[in-house]
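Undergrad: sequence first, predicted model second:
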Amino acid sequence: MRVLVVEDEPDLLRGLVQSLQEEGYAVDQAADGLEGLTKAEMWEYDAIVLDLMLPKMGGWDVLARLRGAKKKTPVLILTARDKVSDRVRGLDAGADDYLVKPFALHELLARLRAIIRRSSGHAEATIQIGDVVVDTATKSVKKFGVAVALTAREYALGGIAGAASRQAHYPNRDYDHLFDEATTVFRTWWKFTSRTFAKSSAGNSSRPGAARDTSSMFRSLRWRLQAWHALILLLVIVGMGSTLYLQIRKARLERNRR
């Protein structure tokens, strides 16, 4: 799941991004309202955490612009404005929830899970997709009643992949929301691996050992992701080397002309 955090206080922004990433979210960040609005309009997010007192464009205006553009992305307002009138104004303006600073992190995470569930039509924390049961509160997955051991990233990928193959669960059908800004280069890779997951799920749906097969498949997907990282790093090194070589050659040519 992909979340946008719009917060101008650097330490809080950094802490929120780290905490959400540790929970398995792909996180984009914005330090002012204008940047937040631009990203919210450009990408599809599962939820937005929005401060109100922001530079360049206030959170009230960001929320109004989003709702005016018919963007239905769930918005959790996170602000120091604790008056009842502000809470009422925020909720009436289209926010899905309102949390006052200072706040408890586990409450923020619970509220975030709740608004994402509600926006996708699921009130319960436990969601069943065919033979697979996903518990969004404990971040656990079971298939045929057998627990599937997954890392945080594998959990995020697996939950969405299984949902996408059955067209049920999260509202965003585009795979962009699996990755943050730094990893959207893997969209093509993921579309391929999600098809592999769907075929594997269809083929294994009647076998008792399918949960173990699913876990092994995720290990294979993780290996592919690591291989892509290595390939991109190699291409960057080769590109830097080529650029350096051309610069040296250009300098030599200039010296020879003199």
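TA: Looks like it came in fine.

Undergrad: flag the shaky bits of the chain, pLDDT-wise.
TA: Scanning the chain for pLDDT under 70 picks out 121-130, 136-139, 150-229, 258.

Undergrad: show me the strands in it, by range?
TA: 2-6, 26-30, 47-50, 75-79, 97-100, 126-129, 132-135, 140-143, 146-148 (DSSP state E).

Undergrad: strand partners of the third one, parallel vs antiparallel please.
TA: Strands flanking strand 47-50 in the sheet, each with its direction: strand 2-6 (parallel), strand 75-79 (parallel) (DSSP bridges).

Undergrad: show me the contact partners of that strand.
TA: Contact with strand 47-50 is made by 1, 3-7, 16, 36, 40, 59, 62-63, 66, 73-78, 95, 108, 112, 115-116, 119, as judged by Cβ atoms under 8 Å, 6 or more residues apart in numbering. No exception for glycine: its C-beta is placed from N, CA and C like everyone else's.

Undergrad: if we can go back for a sec, so for M240, which of the strands paired with strand 47-50 sits nearest?
TA: M240 lies closest to strand 2-6 among those, at 30.2 Å (Cβ to Cβ).

Undergrad: what does that closest one contact?
TA: For strand 2-6, the external contacting residues (Cβ under 8 Å, 6+ apart) are 13, 16-17, 20, 25-30, 32-33, 35-36, 39-40, 43-51, 54, 59, 62, 112, 172, 176-180.

Undergrad: please, a ChimeraX command that selects the buried ones among those residues?
TA: Selection of buried members from these for ChimeraX, criterion 16 or more other Cβ atoms under 10 Å:
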select :13,16,17,20,25,26,27,28,29,30,32,33,35,36,39,40,43,45,46,47,48,49,50,51,54,59,62,112,172,176,177,178,179,180
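
Undergrad: in helices only, show me the contacts of strand 2-6.
TA: Of the contacts of strand 2-6, the ones assigned to helices by DSSP state H are 13, 16-17, 20, 33, 35-36, 39-40, 59, 62, 112.

Undergrad: if we can go back for a sec, next, format the strands of the chain as a markdown table and append distance to G241.
TA: Listed next are those as a markdown table, based on distance: least, Cβ to Cβ, whole Å:
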| stretch | distance to G241 |
| --- | --- |
| strand 2-6 | 34 |
| strand 26-30 | 31 |
| strand 47-50 | 41 |
| strand 75-79 | 45 |
| strand 97-100 | 49 |
| strand 126-129 | 47 |
| strand 132-135 | 45 |
| strand 140-143 | 43 |
| strand 146-148 | 43 |
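
Undergrad: let me know which of the ones you listed is the nearest to G239.
TA: Distance to G239, taken as Cβ to Cβ, is lowest for strand 26-30 among those, at 25.8 Å.

Undergrad: partners of the closest one in the sheet?
TA: Using DSSP bridges, the strands paired with strand 26-30 are strand 2-6 (parallel).

Undergrad: before we move on, back to that, V236: which of the strands of the chain is closest?
TA: Closest approach to V236 among the strands of the chain (Cβ to Cβ): strand 26-30, 21.7 Å.

Undergrad: got the angle for the closest one vs helix 33-42?
TA: For strand 26-30 and helix 33-42, the angle between their directions (axes from the mean of the first three to the mean of the last three Cα atoms, to 10 degrees) works out to 140 degrees.

Undergrad: since that was my last question, I'll sign off now.
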